[in-house]
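Visitor: What follows is a predicted structure for the sequence shown.
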Amino acid sequence: MVWGDRDMGLRATTRSAKETALLNRFESFYDKARSPVMEAIERSVCGCDYGGNSWTTRAQAEQMAHHLKLRAGMRLLELGAGAGWPGLYLAQATGCDVALVDIPLNGLRIAAERAASEGLARGVTVVAADAAVLPFPDAGFNAVSHSDLLCCLDQKRSVLADCRRVIHAHGRMAFTVISVVPGLSASAYRRAVANGPDFVESEADYPTLLAETGWTVSGQDDITSDYVASCRRQIDADEAQQDGLVALIGAEAFAERLAKWTSHLAALNDNLLRRDAFVAVPRPG
């Protein structure tokens, strides 16, 4: 495994106060991710216990592996890898090598420890880096994946452009992303933004951003219904694990967490937010 410097790839970028606050929340999340209560909730919601911080379920990870045509001998780049979900699972299931990239070191340490415990260390590289300025040579990967990453950062265009730079000419990228449903009234739009991920707003829709950064969309699936089901499972799991969650994060934080999920689900039910799975291939030239 290769560890990058904490600021590797960050020297050409600056983080806003909002981005810094989000990073701090992720770091706090990973500090608690391996507690029994958090693992139980993750198993209920996503069918795994990696300490994941996206809405990707096991079935969706398997679809990702299928779309990317992963197999032994391929090199996968997983951005926003966190504690290793689904990147480590994809490596274990398909035999591919994987580079796990993220910024919070505590999440990457969890991923590194799990890779070692599962006998995957030889094929896993762990790098602390910014997804918008990747510390890799051109055309070094056969596949790229990321789960709900673009809606959690501001530099969407830069990330997609650098993904295009580092992928092989015949490679594929698969990712999920949450976005605001187009055509909303001003008040509905504000409500969608308030109930979505911190950077759910986008300067253009994702097919447009992909086209402008050198990609051709080969597949787009609306997986909002699965997202709604996951959010319902999240609420049910939190309520079932209330005592353990209160002991872990406190009563006030538990109430805020449950209110957040409930408001989020209401926005989904009112068709203000959506979640899509994309597959894209590099455009020649």
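Guide: Alright, I've got the coordinates. Numbering: from 1, shown residues only.

Visitor: give the contact list for residue 272.
Guide: 180, 181, 184, 188, 191, 192, 195 (CB atoms under 8 Å, 6 or more residues apart in numbering). (C-beta placed from N, C-alpha, C; glycine too.)

Visitor: Which of those fall within strands?
Guide: residue 180 (DSSP state E).

Visitor: Using CSV, please lay out the contacts of residue 272 together with distance to residue 154.
Guide: What follows is these, written out as CSV (distance: CB to CB, whole Å):
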residue, distance to residue 154
180, 15
181, 20
184, 21
188, 23
191, 21
192, 17
195, 18
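
Visitor: from the contacts of residue 272, which is closest to residue 134?
Guide: residue 180 (27.1 Å; CB to CB).

Visitor: I am assuming the closest one contacts residue 194, so please confirm or correct that.
Guide: No - the pair residue 180 / residue 194 is not scored as a contact, 10.7 Å apart, by CB atoms under 8 Å.

Visitor: the more surrounded of the two?
Guide: Ranked by neighbour count (other CB atoms under 10 Å), residue 180 and residue 194 place residue 180 first, with 22 against 12.

Visitor: If we ignore the residues flanking it in sequence, what's nearest that one?
Guide: Once flanking residues are discounted, residue 180 sits nearest to residue 192: 4.5 Å by CB to CB, 6 or more residues apart in numbering.

Visitor: correct me, but the one you found touches residue 264?
Guide: No - using CB under 8 Å, residue 192 is not in contact with residue 264; the gap is 10.4 Å.

Visitor: joint contacts of these two?
Guide: With CB under 8 Å, 6+ apart as the test, residue 192 and residue 264 both reach residue 273.

Visitor: before we move on, back to that, now, of the contacts of residue 272, which are buried?
Guide: 180, 181, 184, 188, 191, 192, 195 (16 or more other CB atoms under 10 Å).

Visitor: So which elements touch the longest helix seen in the chain?
Guide: In the chain, assigned by DSSP state H, the helix with the most residues is helix 251-269. Packing partners of helix 251-269 (3 or more CB pairs under 8 Å, 6 or more residues apart in numbering; DSSP states H and E): helix 186-195, helix 224-240, helix 242-249.

Visitor: Alpha carbons only: can I get that helix in PDB?
Guide: The C-alpha coordinates for helix 251-269 follow below in PDB (Å, rounded to 0.1, in the frame of the first residue of the first chain):
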ATOM      1  CA  ALA A 251     -29.700  12.500  22.500                       C
ATOM      2  CA  GLU A 252     -29.600  15.900  20.800                       C
ATOM      3  CA  ALA A 253     -27.500  14.700  17.800                       C
ATOM      4  CA  PHE A 254     -29.800  11.600  17.500                       C
ATOM      5  CA  ALA A 255     -32.900  13.800  17.300                       C
ATOM      6  CA  GLU A 256     -31.200  16.000  14.700                       C
ATOM      7  CA  ARG A 257     -30.100  13.000  12.700                       C
ATOM      8  CA  LEU A 258     -33.600  11.500  12.700                       C
ATOM      9  CA  ALA A 259     -35.200  14.800  11.800                       C
ATOM     10  CA  LYS A 260     -32.700  15.100   8.900                       C
ATOM     11  CA  TRP A 261     -33.500  11.700   7.500                       C
ATOM     12  CA  THR A 262     -37.300  12.400   7.800                       C
ATOM     13  CA  SER A 263     -37.000  15.700   6.000                       C
ATOM     14  CA  HIS A 264     -34.800  14.100   3.400                       C
ATOM     15  CA  LEU A 265     -37.400  11.400   2.800                       C
ATOM     16  CA  ALA A 266     -40.200  13.900   2.500                       C
ATOM     17  CA  ALA A 267     -38.200  15.800  -0.200                       C
ATOM     18  CA  LEU A 268     -37.700  12.600  -2.100                       C
ATOM     19  CA  ASN A 269     -41.400  11.700  -1.900                       C
END
